[in-house]
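Trainee: model the following, please.
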Amino acid sequence: MFFANREVIATMWDSEHAGTQASPSGPSRRKVLRALAASAAVPMLAGAQSANASAGTAPGLLYIGTWRGTQVNGAWFDPDGGIMTPFGIVAQVNASWQAKHPSKPVLYVGSGDAGGTVSAFRIDRATGALDLIGQVTTDSAGTPGGLSYIGTDKRSDTVLATNFAAGLTAALPIRNDGGLDSPASVVVDTGSGPHPRQAGPHPHHVVVDPSGRFALVADFGADRVFIYRFNRETRVLSAGETTGPRSYAVNPGSGPRRLLFHPNGRNLYLLNELTADLHVLDWNPWKAQITLSQSLSTDSPEYSGTKSAAELGMSRDGRFVYTSNRGENTIVVFAADWRTGRLTLVQRIPCGGVSPWSFSIHRGNRWMLVANQVSSTVNLFSIDPRSGKLTDAGKSMPIPNPDCITFG
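Mentor: Residues are numbered from 1 along each chain as shown. Alright, predicted model coming up:
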């Protein structure tokens with residue numbers, strides 16, 4: 001069914017464009033995608049619901065982006081049986097990163113296209129179909145390269161987007177219908193590093209601190225974590241008036257990639273891509289200050305190849321921290337001390353494929369889904385909630401060059 005759906009897309013897409021040229025009344029792109037997703041998803045959902053009738057649990061939606069591709073793929077996930085069932089392409093859009101609205105059935109998709117566009121789609125929860133609400137750009141100059149990350153801040157109804165190519169972070173207001181307005185504010189990083197990929201600032205991730213007063217930006221190109229003020233009422237990001245933003249500097253050539261606050265609110269984790277190390281940081285919201293507490297490698301002691309860390313995540317209870325390592329093709333598990341945030345290595349396990357670009361942990365904390373970008377598979381791992389250890393479930397789903405997995 002997956003490949004058959006791709007053929008249907010090609011047929012409908014050709015018909016649309018042919019109709020556009022010969023007849024203005026041809027079907028719109030939105031109608032084509034809605035019809036396709038509905039036709040693909042309904043029979044699949046019916047079968048999945050029937051299979052799980054005895055358990056009383058309906059499968060949930062997954063949306064998977066395609067690295068440097070032009071599509072978002074849909075799938076159903078049954079957490080009772082650990083079953084992943086793809087149902088085809090649901091949107092023809094560049095999908096560098098995705099984020100789900102905190103409460104509304106809306107999916108945001110950030111693109112790697114010039115200008116860094118963010119698209120908002122309404123989710124049909126019965127079929128998985130996506131209906132385009134609207135699009136906004138983060139960079140009026142149209143810098144080639146686009147976005148590296150988007151996320152939502154529930155308290156302020158904001159999508160925060162980091163534009164890797166343009167060196168900026170934008171705050172996009174969320175409308176009542178889930179659509180987006182143009183940026184309420186934009187901040188531009190400064191700096192560079194010694195690596196050829198660090199010729200200028202390249203923000204890779206942004207998080208709002210537990211106080212809600214600051215937005216922290218991990219800048220891959222500048223080798224810094226920038227600390228900006230964030231006003232949740234106005235959605236304005238701002239730097240110091242005279243001295244610029246505060247920042248935390250890593251060793252030159254580290255390439256900061258991912259940030260994550262511990263639930264204790266006092267500790268922050270930073271994953272560096274180019275050195276594949278993980279920093280445990282102390283966070284002082286009164287001084288807007290970051291200090292280093294601990295540094296660990298995500299590489300095994302015997303590894304001597306190219307370093308490349310990618311994703312950072314945590315169990316819902318804050319007891320375990322997970323990272324992906326694209327150099328060794330592993331997922332690394334650490335136990336976290338609640339009081340200090342300091343980490344202890346628990347496990348290093350093969351990712352089940354090649355180049356674990358990202359992963360997502362299901363809300364039940366029993367499953368991790370890993371996007372292995374180069375091997376074009378999404379691989380499933382079970383999680384032991386007591387030890388935090390992962391076990392390869394031996395199940396994978398074919399998705400072309402997956403880069404981001406979002407529960408819908």
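Trainee: tell me if Trp357 really is in a strand.
Mentor: Yes - residue state for Trp357 (DSSP: H, G, I helix; E, B strand; the rest coil) corresponds to a strand.
Trainee: ok, it to Gly255 distance?
Mentor: 15 Å (Cβ to Cβ, to the nearest Å). The C-beta positions use only the backbone N, C-alpha and C, and glycine is treated the same way.
Trainee: neighbour-wise, which of these two wins?
Mentor: Between Trp357 and Gly255, counted using other Cβ atoms under 10 Å, the more crowded position is Gly255 (27 against 22).
Trainee: tell me how far that one lies from Ala120.
Mentor: Distance of Gly255 to Ala120, given as Cβ to Cβ: 30 Å.
Trainee: for the helix or strand that Met368 is a member of, which outside residues touch it?
Mentor: Assessed by DSSP states H and E, Met368 sits inside strand 367-372. Outside strand 367-372, the residues within contact range by Cβ atoms under 8 Å, 6 or more residues apart in numbering are 62, 64, 77, 79, 82, 84, 313, 322, 324, 329, 331, 351-362, 378-383, 390, 393, 399, 402-405.
Trainee: do the same with stretch 194-205
Mentor: For stretch 194-205, the external contacting residues (Cβ under 8 Å, 6+ apart) are 148-149, 162-165, 167-169, 188-192, 217-223, 226, 252-253, 255-259, 273-274.
Trainee: just these: which are in strands?
Mentor: Here DSSP state E is the test, and these give 148-149, 162-163, 168-169, 188, 217-219, 226, 256-259 as lying in strands.
Trainee: report the two of the residues you listed separated the most.
Mentor: Using Cβ to Cβ, the pair of the ones in strands among the contacts of stretch 194-205 lying farthest apart is Val188 and Arg258, separated by 20.8 Å.
Trainee: so between these two, which is more surrounded?
Mentor: When neighbours are counted by other Cβ under 10 Å, Arg258 comes out ahead of the other of Val188 and Arg258, with 24 against 12.
Trainee: where does Arg339 land in three-state SS?
Mentor: Secondary structure for Arg339, judged by three-state DSSP, is coil.
Trainee: from Val206, how far off is the closest residue in space to it that isn't next to it in sequence?
Mentor: The spatial neighbour of Arg339 that comes closest, neighbours along the chain excluded (Cβ to Cβ, 6 or more residues apart in numbering), is Asn264 at 7.4 Å. Noted for Asn264: a distance of 21 Å to Val206, by Cβ to Cβ.
Trainee: those two: which has the busier surroundings?
Mentor: Neighbour count, other Cβ under 10 Å: between Asn264 and Val206, Val206 has more, with 27 against 15.
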